[in-house]
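J.: Here is my input; please provide its structure:
(2 chains)
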Amino acid sequence: MPASADPPGLADPGPDLGPGASSLAARQLALVSALVAGAAPPAGMAKDRVHVQAQALLRKRARSVARHQPDVAASLGDGFWPAFEQYAAQSVLPASTAADAKAFARYIRKTRRRPLFRR
Amino acid sequence: MTASFSLGVGIGWRPEIDLTVPRLAAATGPGVDFVEVVAENVPPAAVPASLAQLHAGGMPVVPHGVSLSLGGTDPLEPQRVARLAQLAERFGSPLVSEHVAFCRAGGIEAGHLLPVPRTRESLAVLTANIRAAQAELPVPLAVENIAALVSWPEDEFTEADFLAELVERTGVLLLLDVANLYTAQVNFGLDPAATLDRLPLSEVAYVHVAGGVLRDGIWHDTHAHPVTNEILDILAALVGRVAPPGVLLERDDAYPSDAELAGELSAIRKVLTNARVG
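T.: Numbers count the residues shown, from 1 in each chain, chains lettered A, B, ... in the order given. Have a look, this model is predicted:
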């Protein structure tokens, strides 16, 4: 690796993590984006495995939400998992499990309400 | 740095089994010698009463972090390291542990531990982050091999050589998860014996044992299913090579009866007795 000559005047770049760290950052971002934002898998990574990992993450997230909102989960019964998949497909990942659980409960209230009359 | 402590057989303390753990510990005969707590779930200034009581009764507590993202290129977050340090102080812990993994990138949380590409670049990132964490921690750090479902095409090292290199560069201890060696065997065809042969086993601080489930030919390390004989066989293969200072059972969901957990702890003890070196 050639001796690095950082352009002067830049803000503190943080610790030197070594050569290639920026491409590593791009690879890591590609995987996380594929898993939580439905982006294409990182080049060269087995697509089916990325799908399995994404599903595993979703199940883990669903279990956490079910623990936070046991009443909502119980009221949905076997419909919980399909409902959660639908909800997750159209929402960005909230900052915390509590926020996720709240957003899911809101989604269920909104989508499951069947008004008798519409004005 | 070789581990200079002895832990025995332990179990992951979780709020859901906070009454079970003392019952297992108080059982006649050998019960529970130490517990591990998930650092993110235990506020240092507001330790749950049942855990505080267990610790006050002399139970060693090892803080285990899950969100440092030591393999991540995002900057290490000092407050996460500080929390591990505070918990180690609070409990007088012999060590703390984390993972060889990343769990966020570009500020986006994955919500899970993800494998890093086993490249020189990743080694540099991990080395820098582990050294930075070690500088802030009052006790030794051990890092764990994770359970992976995906692998990177650019891998240059085997997992064993990658971990050995990290130990060599940083003096970090190892938390060896034998269930994750089994996961690597099923999901990537890696021979656990070959991995054990190449790892610096004298640097293993303790061992994780957990159950999982096979779904469509892929092993999921769920911590919600019983520990299988195949996983105990890898523990036996390890113990045939070295006596690890500690072995810990992890259960995180679908908690079984006290009797079933006690049975899994006994099975671990049996492996330790039968397979012990010499």
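J.: Flag every buried residue along stretch B:4-14.
T.: Along stretch B:4-14, these residues count as buried under the neighbour rule (16 or more other CB atoms under 10 Å in any protein chain shown): B:5, B:7, B:8, B:9, B:10, B:11, B:12, B:13, B:14. All C-beta spots, glycine's among them, are computed from the backbone N, C-alpha and C.
J.: what's the answer for stretch B:102-110, then?
T.: B:102, B:103, B:104, B:105, B:108, B:109, B:110.
J.: which SSE is whatever residue of chain B ends up closest to chain A in?
T.: At 3.0 Å from chain A, residue B:124 is the closest residue in chain B, using CB to the nearest CB. Secondary structure assignment for residue B:124, by DSSP states H and E: helix B:120-136.
J.: hang on, the earlier thing: could you dump the buried residues of stretch B:102-110 into CSV with secondary structure and distance to chain A added?
T.: Below are the buried residues of stretch B:102-110 laid out as CSV (DSSP: H, G, I helix; E, B strand; the rest coil; distance: CB to the nearest CB, whole Å):
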residue, secondary structure, distance to chain A
B:102, strand, 6
B:103, strand, 9
B:104, strand, 7
B:105, strand, 4
B:108, strand, 5
B:109, strand, 7
B:110, strand, 5
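J.: what stretches of the chain score poorly on pLDDT?
T.: Since no chain was named, I'll use chain A. A:1-22, A:113-119 (pLDDT under 70).
J.: my bad, chain B
T.: B:1-3, B:28-29, B:276-278.
J.: Going along the chain, name the helices of it.
T.: Taking DSSP state H as the criterion, chain B carries its helices at B:20-26, B:49-56, B:78-91, B:120-136, B:159-170, B:178-188, B:192-198, B:229-239, B:258-275.
J.: Quick check: buried residues in the first one?
T.: So that's helix B:20-26. For helix B:20-26, by 16+ other CB under 10 Å, it's B:20, B:21, B:22, B:24, B:25.
J.: Make CSV from those and add distance to chain A to it.
T.: CSV is the format used below for those (distance: CB to the nearest CB, whole Å):
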residue, distance to chain A
B:20, 17
B:21, 19
B:22, 23
B:24, 23
B:25, 25
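J.: wait, which of those residues is closest to residue B:76?
T.: residue B:21 (31.3 Å; CB to CB).
J.: so what's the closest one up against?
T.: With contact set as CB atoms under 8 Å, 6 or more residues apart in numbering or on different chains, residue B:21 has these partners: B:11, B:13, B:32, B:35, B:54.
J.: Max pairwise distance over the residues you listed: which two?
T.: Longest span within the contacts of residue B:21, CB to CB: B:11 and B:54, 11.0 Å.
J.: So for those two, which residues contact both of them?
T.: B:21, B:35.
J.: Show me what the helix or strand encompassing residue A:31 is packed against.
T.: Here residue A:31 sits within helix A:21-37, counting by DSSP H and E. For helix A:21-37, the packing partners by 3 or more CB pairs under 8 Å, 6 or more residues apart in numbering or on different chains; DSSP states H and E come out as helix A:47-68, strand B:102-105, strand B:108-114, helix B:120-136.
J.: Pipe these into JSON lines and attach distance to residue B:213 per row.
T.: Listed next are those as JSON lines, based on distance: least, CB to CB, whole Å:
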{"stretch": "helix A:47-68", "distance to residue B:213": "11"}
{"stretch": "strand B:102-105", "distance to residue B:213": "22"}
{"stretch": "strand B:108-114", "distance to residue B:213": "16"}
{"stretch": "helix B:120-136", "distance to residue B:213": "29"}
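J.: burial of residue 68, as a residue count?
T.: In the absence of a named chain, this looks at chain A. 18 (other CB atoms under 10 Å in any protein chain shown).
J.: not quite, I wanted chain B
T.: Neighbourhood size, residue B:68 [other CB under 10 Å]: 27.
J.: That one touches residue B:78, doesn't it?
T.: No - with contact defined as CB atoms under 8 Å, residue B:68 does not reach residue B:78; the gap is 10.5 Å.
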